[in-house]
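**Q** Coordinates for the following, if possible.
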Amino acid sequence: MAMAAIGAIAFSGKAIVVKLAYQHGVDAVTLLMLRMLLALPFFLVLAWVAGWGKPALSRRDWLGIAWLGFTGYYAASFLDFAGLVYISAGLERLILYLNPTLVVALNWLLYRKRVHPWQVLAMLISYAGVLLVFGMEASLQGSHVVWGSTLVLGSAISYAFYLVYSGQLVQKLGALRLVGLASVVASVLCIGQFVLSRPLDSVWLVTAPVWWLSVFNAIFCTVIPILLVMMAIERIGSGMAAQVGMIGPLSTIGLGIWILDEHFSWVLVLGTALVMAGILLFSRWSLKVPASRP
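**A** Residues are numbered from 1 along each chain as shown. Predicted coordinates:
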């Protein structure tokens, strides 16, 4: 449980680190490239260790890994980083925490899987909480909050596609090997996006604080929490790890208020409570809620 809690807090700290980096004039493409470039050696080692002695991958496996790397770790990360330019870290974390409800919705749309009435109620509760916090922030920050929230919601939807389609490959390759390989794909895509859209010499214009924040982001908000959460799932199961992971949004909101001086109000408290109550209701109905996302 300690591993799951520390991993959830570390994952949630990513938004705080990104918001701090934006204060130094860096853009989302450059910042995401730095994060994935610095984390790439760890992902390569993870994929190699997890795949040691395992059967070689087929062409179909590689296509699946490429698709999952694009949806789960590249598109989801880029949209998330881009959205954080416009909204608070607390609202971002609440939107991302809707992932379980989006997975249920996609399974219903794509495979016509039955949705239990209690799950519908949980969705309504969770979305009511997000809308409450969204309305408060829009009234304070203006219309750009709509665009930022849309980008982060797109990130959550992209990651939900990853979760829906990753089941078979997880069973075949194992969670660590899949995470390592898919993250390598995402790293290559992020670096490629920077190379194609930014002057190469612009990387030398990045200030020292952004480099240090990117190192911290890559190691302590990406690689280490992935390992901690995976080890936690091995010990206490995905359901318990997901419930412990509910500390994530609380830590993000608390750190945002403390470090970023983000707005605090009882509307934020009520909205957060509604989101967490809705997700908790999901877990009560044995929904497999993934406990981590890089």
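**Q** quick one: contacts for S166?
**A** S166 makes contact with L68, G72, L178 under the criterion Cβ atoms under 8 Å, 6 or more residues apart in numbering. (C-beta placed from N, C-alpha, C; glycine too.)
**Q** isn't A89 right up against L20?
**A** No. The criterion here is Cβ atoms under 8 Å, and A89 misses it with L20 at 9.8 Å.
**Q** list residues touching both of the two?
**A** Counting by Cβ under 8 Å, 6+ apart, the contacts common to A89 and L20 are L260.
**Q** What are the boundaries of the helices in the stretch 1-150 of the chain?
**A** 2-22, 28-50, 59-68, 76-83, 89-96, 99-111, 117-141, 144-165 (DSSP state H, counting those that start in this stretch).
**Q** looking at those, which is closest to R284?
**A** helix 117-141 (7.8 Å; Cβ to Cβ).
**Q** Would you mind getting the angle between the closest one and helix 89-96?
**A** For helix 117-141 against helix 89-96, the angle by axes from the mean of the first three to the mean of the last three Cα atoms, to 10 degrees is 150 degrees.
**Q** Kindly provide the distance from the nearest residue to L153 once chain neighbours are set aside to M231.
**A** Spatial nearest neighbour of L153, chain neighbours left out: I95 (5.6 Å); criterion: Cβ to Cβ, 6 or more residues apart in numbering. Separation of I95 from M231 (Cβ to Cβ, to the nearest Å) stands at 27 Å.
**Q** same deal with M246?
**A** With distances taken as Cβ to Cβ, M246 is found 19 Å from M231.
**Q** Contacts only, for M246.
**A** So M246 contacts A8, M276, I279, L280 (Cβ under 8 Å, 6+ apart).
**Q** same thing with K113?
**A** V104, N107.
**Q** Let me know which of the helices of the stretch 1-150 of the chain is the nearest to F216.
**A** helix 2-22 (6.0 Å).
**Q** Mind listing what's buried along the closest one?
**A** 3-22 (16 or more other Cβ atoms under 10 Å).
**Q** re earlier: out of the helices of the stretch 1-150 of the chain, which is the most enclosed?
**A** Most buried of those, by mean neighbour count (mean count of other Cβ atoms under 10 Å): helix 89-96, with a mean of 27.
**Q** Check which helices and strands that one sits against.
**A** With contacts taken as 3 or more Cβ pairs under 8 Å, 6 or more residues apart in numbering; DSSP states H and E, helix 89-96 sits against helix 2-22, helix 76-83, helix 117-141, helix 144-165, helix 247-259, helix 266-284.
**Q** So for the third one, mean pLDDT?
**A** Model confidence over helix 117-141, given as mean pLDDT, is 90.
**Q** what's in contact with it?
**A** Outside helix 117-141, the residues within contact range by Cβ under 8 Å, 6+ apart are 86-88, 90-91, 94-95, 97-98, 101, 104-105, 145-146, 149, 263, 265, 267-268, 270-279, 281-282, 284-285, 287.
**Q** one more time with 7 Å, if that's ok
**A** With Cβ atoms under 7 Å, 6 or more residues apart in numbering as the test, helix 117-141 has contacts from 87-88, 91, 94-95, 98, 101, 104, 145-146, 149, 263, 265, 267-268, 270-272, 274-275, 277-279, 281-282, 285.
**Q** Quick check: buried residues in the helix or strand of the chain with the lowest mean pLDDT?
**A** Between all helices and strands in the chain, the lowest mean by mean pLDDT, DSSP states H and E belongs to helix 224-244, at a mean of 77. For helix 224-244, a neighbour-count test (16+ other Cβ under 10 Å) marks 224-230, 232-233, 236, 238-244 as buried.
**Q** Now do the most far-flung residue of the chain relative to its centre against R177, distance only.
**A** Using Cα atoms, centre = their mean, the residue of the chain lying farthest from its centre is G53. It sits 30.2 Å away. In this view, G53 and R177 are 11 Å apart by Cβ to Cβ.
**Q** same question, P41
**A** P41 is 17 Å from R177, where distance means Cβ to Cβ.
**Q** for A76, same thing?
**A** Counting by Cβ to Cβ - A76 and R177 are separated by 20 Å.
**Q** hang on, isn't the residue nearest to L153 packed against A156?
**A** Yes. Counting by Cβ atoms under 7 Å, A156 is a contact partner of I95 at 5.9 Å.
**Q** check which helix or strand covers the closest residue to F43 other than its chain neighbours.
**A** Of all residues not flanking F43 in the chain, S183 sits nearest, at 4.2 Å (Cβ to Cβ, 6+ apart). Assessed by DSSP states H and E, S183 sits inside helix 175-197.
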